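Undergrad: coordinates only, no sequence provided:
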Ligand SMILES: *Cc1c(COP(=O)(O)O)cnc(C)c1O
């Protein structure tokens, strides 16, 4: 079996995959209604929220688009706090739908600076919402969302969070941190195949939703809410993923959210320590290094493309490369969802042989 160590899609446990093979049910019938109610309730426990949570048939990006079109009107001023590829994507969606996006971009590899966000909010009183990536998968950096949230709420703005690669793996109590819309995706920390986005919609978000005029049909949260009250989704849901998700959620609740978060922290630390022992250096500023994905700088003559190829072909380990301008500059190790120490020990052992073959000279 391959050791799939990219930051999504992530490996799925056998019983989760088996659930995918279940026969179809009527998505307007009683079996699905009880499944949907059960899955939604369990999900709320892992999101730590009392607000509405919807399952959308989409990859994570669909969830981001849904958040934008349900919260905003064309012309609305939004602050985009971006520290990488996914932050830029969130901003691009908002601007595509006519929002007036104020970009606040930080150097890739660094977390967003609280003081700079404060200054931007002071300078632009018309800002209505702040878009932020909790965990920037492209650079392996986790923003201090708790502090960002406190600030955004001090200024009384809406907080819209891309938590696609953090929720369920890294601490994010949605209600306590006053996130208005929070988006995640099935193929990241949830141990489920791609195909479903999950979004939490809070009270202030509903107020914004009632006034927001961006065009929306498939993504309409108000429709999702009225159907959920009947135990349905507005459109045919990705049933096989919901079956699998139900199994995965039970596994997560059995392990317990605190244990899951602690396991991710432990495994991430082991990854970072191992990387440094190999003579490599982390790309992300260490104080904000992600617990779901580790980005490693290409130093010492390392050719990351060759490394990724050798790891895949000779060791059965699939690593992530760098995206966009990061190509060739970093490689990434995903450690979220169904992951344990052995998976990482295998990666580190294989790197030891593969690195010199890919041109790396320690200390050079
Ligand atoms: C994976 C990811 C996305 C995009 O998700 P898709 O499922 O590929 O659409 C967006 N944001 C973050 C932070 C991600 O990790």
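TA: Structure received. What you see is a predicted model; the values in this text were computed from it and never measured. Numbers count the residues shown, from 1 in each chain.
Undergrad: residue 302 and residue 137: what is the separation?
TA: To residue 137, residue 302 is 21 Å away according to Cβ to Cβ, to the nearest Å. Every residue, glycine included, has its C-beta placed from N, CA and C.
Undergrad: so which bits of the stretch 1-150 of the chain are right by the ligand?
TA: When proximity is defined as Cβ under 6 Å from any ligand atom, the stretch 1-150 of the chain approaches the ligand at 8, 59-61, 86, 133, 135, 137.
Undergrad: still on that earlier bit, in terms of neighbours, single out the busier of residue 302 and residue 137.
TA: Legend: neighbour count by other Cβ atoms under 10 Å for residue 302 and residue 137, higher for residue 137 (28 against 22).
Undergrad: OK, contacts around the more buried one?
TA: Shown in contact with residue 137 (Cβ atoms under 8 Å, 6 or more residues apart in numbering): 7-8, 84-86, 164-165, 290, 292-293, 332.
Undergrad: switch the cut-off to 6 Å
TA: With contact taken as Cβ atoms under 6 Å, 6 or more residues apart in numbering, residue 137 is in contact with 7, 86, 165, 293.
Undergrad: what segments of this protein are helices?
TA: Secondary structure of the chain by DSSP state H: the helices cover 14-20, 30-47, 60-71, 85-96, 114-123, 145-154, 203-211, 221-228, 239-255, 257-277, 304-315, 341-357.
Undergrad: make TSV from the ones you listed and add mean pLDDT and mean neighbour count to it.
TA: Formatted as TSV, those follow (pLDDT from 0 to 100; neighbours: other Cβ atoms under 10 Å):
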stretch	mean pLDDT	mean neighbour count
helix 14-20	98	15
helix 30-47	98	16
helix 60-71	98	25
helix 85-96	98	20
helix 114-123	98	14
helix 145-154	98	18
helix 203-211	98	16
helix 221-228	98	17
helix 239-255	98	20
helix 257-277	98	17
helix 304-315	98	18
helix 341-357	98	17
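Undergrad: looking at the ones you listed, which is nearest to residue 187?
TA: With distances scored as Cβ to Cβ, the stretch of these nearest to residue 187 is helix 60-71 (7.9 Å).
Undergrad: run through who's touching the closest one.
TA: 56, 90, 93-94, 97, 129, 160, 162, 164, 181, 183, 185, 197, 199, 208-209, 212, 214, 216, 219, 221.
Undergrad: stretch 297-314 now?
TA: With Cβ under 6 Å, 6+ apart, stretch 297-314 has contacts from 281, 283, 317-319, 321, 328-331, 350, 354, 357-361, 364.
Undergrad: filter those down to the buried ones.
TA: Among those, those buried by neighbour count (16 or more other Cβ atoms under 10 Å) are 283, 317, 319, 321, 329-331, 350, 354, 358, 360.
Undergrad: domains of the protein?
TA: 15-254, 256-357 (automatic domain parsing).
Undergrad: burial measure for residue 82, as a count.
TA: Around residue 82 there are 24 residues (other Cβ under 10 Å).
Undergrad: hmm, it is touching residue 90, no?
TA: No. Look at residue 82 against residue 90 with Cβ atoms under 6 Å: they stay out of range, at 7.3 Å.
Undergrad: how many residues are close by residue 191?
TA: 25.
Undergrad: what sits against it?
TA: Shown in contact with residue 191 (Cβ under 6 Å, 6+ apart): 12, 16, 248, 337-338.
Undergrad: again, 8 Å this time
TA: By Cβ under 8 Å, 6+ apart, residue 191 lies in contact with 10-13, 16, 248, 251-252, 337-338.
Undergrad: repeat for residue 42
TA: In this structure, residue 42 makes contact with 246, 249-250, 253, judged by Cβ under 8 Å, 6+ apart.
Undergrad: go with 6 Å
TA: Contact analysis of residue 42 by Cβ under 6 Å, 6+ apart lists residue 249.
Undergrad: how about residue 169?
TA: For residue 169, counting by Cβ under 6 Å, 6+ apart, the contacting residues are 189, 264, 292, 336.
Undergrad: of these, closest to the ligand?
TA: residue 292 (8.4 Å; Cβ to the nearest ligand atom).
Undergrad: for residue 260, see how far away that closest one is.
TA: In terms of Cβ to Cβ, residue 292 sits 11 Å off from residue 260.
Undergrad: same check on residue 125?
TA: For residue 125 relative to residue 260 (Cβ to Cβ), the value is 40 Å.
Undergrad: ok, residue 362 - contacts?
TA: Taking Cβ under 6 Å, 6+ apart as the test, what residue 362 contacts is residue 279.
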